[in-house]
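[1] Quick one: sequence plus predicted model below, questions after.
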Number of protein chains: 2
Amino acid sequence: MTNSPIFAYAEPEENNGYLLWQVSMRWQLLMNQRLRDVGITLTQFSLLAGLYWLDRRGEVVTQQRLADYANTDKMMTSKVVQTLEGKGLLSRMDNPEDGRAKQLRLTPAGETVLGQANTLVEQVDAAVFQAIQSEANVFNRLMQQLMANMPK
Amino acid sequence: MTNSPIFAYAEPEENNGYLLWQVSMRWQLLMNQRLRDVGITLTQFSLLAGLYWLDRRGEVVTQQRLADYANTDKMMTSKVVQTLEGKGLLSRMDNPEDGRAKQLRLTPAGETVLGQANTLVEQVDAAVFQAIQSEANVFNRLMQQLMANMPK
DNA sequence: TTAATAAAGTAGTCACGACTACTAAATTCA
DNA sequence: TGAATTTAGTAGTCGTGACTACTTTATTAA
């Protein structure tokens, strides 16, 4: 081991990127553990939720549109959406207006599961963010600033 | 679609958990893209860095110790550490004091790559967190509070 | 109006990340 | 001390998440 230290700080916890990563991983773990009760994963939840939002807006939702909205890549979206179709939570119809595209719709079962899942998601969020409850709006603003200015 | 909305908010961006997840995923993507230049992943970087920290403390580092420190599970750590051994970035010796355990050490090549990687990591962090530069300490405090009070 | 290009979706690879289940070596304690 | 339990590590599965490469269908433009 050489004498010149590689890192500029004394503990990894001083690094905001490291903290962001760690907290997010824990949050995801808690979410996935909780969502197991309704038989879906966090990623599946986010796609179901995205589909719900877009449908609420009155949009015709293709896989690509959903991927753009949920910030997932289209290859992964393709797979997960097929999984969700297999579970009967959404339907994939051929889009009559575009021979390449699929048209996604939540099934009644999908909407039911989404509602149940969201209850669990809200519980986990409440438990996690309770620690900074009084400054939740500050946190939200900072995260939005990060999100909006993310490189590339 | 029923008339009663499932979600309590109008846009997903109002949800702190969702934002945390999205920002973290982007951050990871940027890190992994940048680290490709030195041939390692973010996870590999974090284990090399953890090993460096623990060695600096004078500890004998086993895989389990490293997993605990980096908050990774031991199964994943086992695999990634073998990958890193294959790349010649660390060595895994049998621990003479415990027949079950491996003793990990950074190789000189590992230390070199860690240094190069950390330069890239610092650049990405600087670019990402530039957006909240003046409030970086507020962000750090909030994240530490979340981390310290994470359920379970 | 074709020819070039772009877009929607799929197949398959690699590397996590969480998991169950297992082996073998320590440790504990009855 | 010998049996029960704990601990370190591995094997293999599932579900992302990013990627390359491909097919098929639209769109654009020469």
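    Ah, there it is.

[2] Tell me where chain A has strands.
    Along chain A, counting by DSSP state E, strands occupy A:90-94, A:102-106.

[3] Which of the ones you listed sits closest to B:Gln63?
    strand A:90-94 (41.6 Å; Cβ to Cβ). Any C-beta I mention is one placed from the backbone N, CA and C, and that applies to glycine too.

[4] So for the closest one, what gets flagged as buried?
    A:Leu90, A:Arg92 (16 or more other Cβ atoms under 10 Å in any protein chain shown).

[5] For the residue nearest the centre of chain A, give me the pLDDT.
    Against the mean C-alpha coordinate of chain A, by Cα atoms, centre = their mean, the closest residue is A:Ser46 at 4.3 Å. Note on A:Ser46: pLDDT of 98.

[6] Skip the chain neighbours and tell me the closest residue to it.
    A:Ala70 (5.4 Å; Cβ to Cβ, 6 or more residues apart in numbering or on different chains).

[7] quick one: that neighbour and A:Val61, what's the gap?
    Separation of A:Ala70 from A:Val61 (Cβ to Cβ, to the nearest Å) stands at 11 Å.

[8] in chain A, which spans are helices?
    Per DSSP state H, chain A carries helices over the ranges A:16-35, A:42-56, A:63-70, A:74-86, A:108-129, A:136-148.

[9] from these, which stretch is densest packed?
    helix A:42-56 (a mean of 21; mean count of other Cβ atoms under 10 Å in any protein chain shown).

[10] what angle separates that helix from strand A:102-106?
    For helix A:42-56 against strand A:102-106, the angle by axes from the mean of the first three to the mean of the last three Cα atoms, to 10 degrees is 100 degrees.

[11] Can you show me the CA trace of helix A:42-56 as PDB?
    What follows is helix A:42-56 as a C-alpha-only set of coordinates in PDB (Å, rounded to 0.1, in the frame of the first residue of the first chain):
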ATOM      1  CA  LEU A  42     -40.900  -2.500  -8.400                       C
ATOM      2  CA  THR A  43     -40.100  -2.400 -12.100                       C
ATOM      3  CA  GLN A  44     -43.400  -4.000 -12.900                       C
ATOM      4  CA  PHE A  45     -45.100  -1.600 -10.600                       C
ATOM      5  CA  SER A  46     -43.500   1.400 -12.300                       C
ATOM      6  CA  LEU A  47     -44.600   0.200 -15.800                       C
ATOM      7  CA  LEU A  48     -48.100  -0.500 -14.600                       C
ATOM      8  CA  ALA A  49     -48.200   2.900 -13.000                       C
ATOM      9  CA  GLY A  50     -46.800   4.600 -16.100                       C
ATOM     10  CA  LEU A  51     -49.400   2.900 -18.200                       C
ATOM     11  CA  TYR A  52     -52.100   4.100 -15.800                       C
ATOM     12  CA  TRP A  53     -50.900   7.700 -15.900                       C
ATOM     13  CA  LEU A  54     -50.600   7.800 -19.700                       C
ATOM     14  CA  ASP A  55     -54.000   6.100 -20.200                       C
ATOM     15  CA  ARG A  56     -55.500   8.700 -17.800                       C
END
